[in-house]
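1. got a predicted structure plus its sequence, pasted below:
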Amino acid sequence: MMEEAFRVSVSEADFDVGAELDALAAGRSDIGAVASFVGRVRGGEGLIAMSLEHYPAMTEKALAGIVSQARVRWPLMGVRVIHRVGRLLPGAQIVMVAVASGHRGAAFEACEFIMDFLKTRAPFWKKEELPGGARWVDARESDDAAAARWDTDQP
């Protein structure tokens, strides 16, 4: 179980980005930077909806592990990772990563690291609903390349 300042959740429910960012830094005057990323379901190619599936215990454990790796690399004061599952329509929020630190460099880098690893190492399966039928979404080489740049001998 992660401490309150470092939380991950997977849910069908939507989230309020402003409220999550406020909660991340609430009561803390030592936080100098909060960097965040919010991903949305991208429409196009006639996308009707996207469905995300996962194994609950395995997924949250993987997300917590990614956050733990970020904490080893950067001086973080808080992290919030929210990932939605279920059927989502184009434009819907799908993921949020928010990172609090004393300085912007650490916050930006850790946020990007968490998102890159989430895209490649968290066990989610995506299926797109299109006018001609449904298809499973394969991993992208660009996502693997983004995560690979973080693989170094350093923690």
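-> Ah, there it is. Residues are numbered from 1 along each chain as shown.
2. tell me the pLDDT at the residue sitting furthest away from the middle of the chain?
-> Largest separation from the mean C-alpha position in the chain: residue 132, at 29.8 Å (C-alpha atoms, centre = their mean). Looking at residue 132, its pLDDT is 91.
3. where's it relative to residue 43, distance?
-> Using C-beta to C-beta, to the nearest Å, residue 132 is found at 16 Å from residue 43. Bear in mind the C-beta positions are built from the backbone N, C-alpha and C, glycine included.
4. got a list of what residue 71 touches?
-> 6, 79 (C-beta atoms under 8 Å, 6 or more residues apart in numbering).
5. any idea whether residue 109 is helix, strand or coil?
-> The three-state assignment at residue 109 reads helix, by DSSP: H, G, I helix; E, B strand; the rest coil.
6. name all residues that make contact with it.
-> Per C-beta under 8 Å, 6+ apart, neighbours of residue 109: 73-74.
7. likewise residue 128?
-> Listed by C-beta under 8 Å, 6+ apart, the contact set of residue 128 reads 47, 49-50, 134-137.
8. just the buried subset of these, please.
-> 49-50 (16 or more other C-beta atoms under 10 Å).
9. of the contacts of residue 128, which belong to strands?
-> Using DSSP state E, the subset of these located in strands is 49-50, 134-136.
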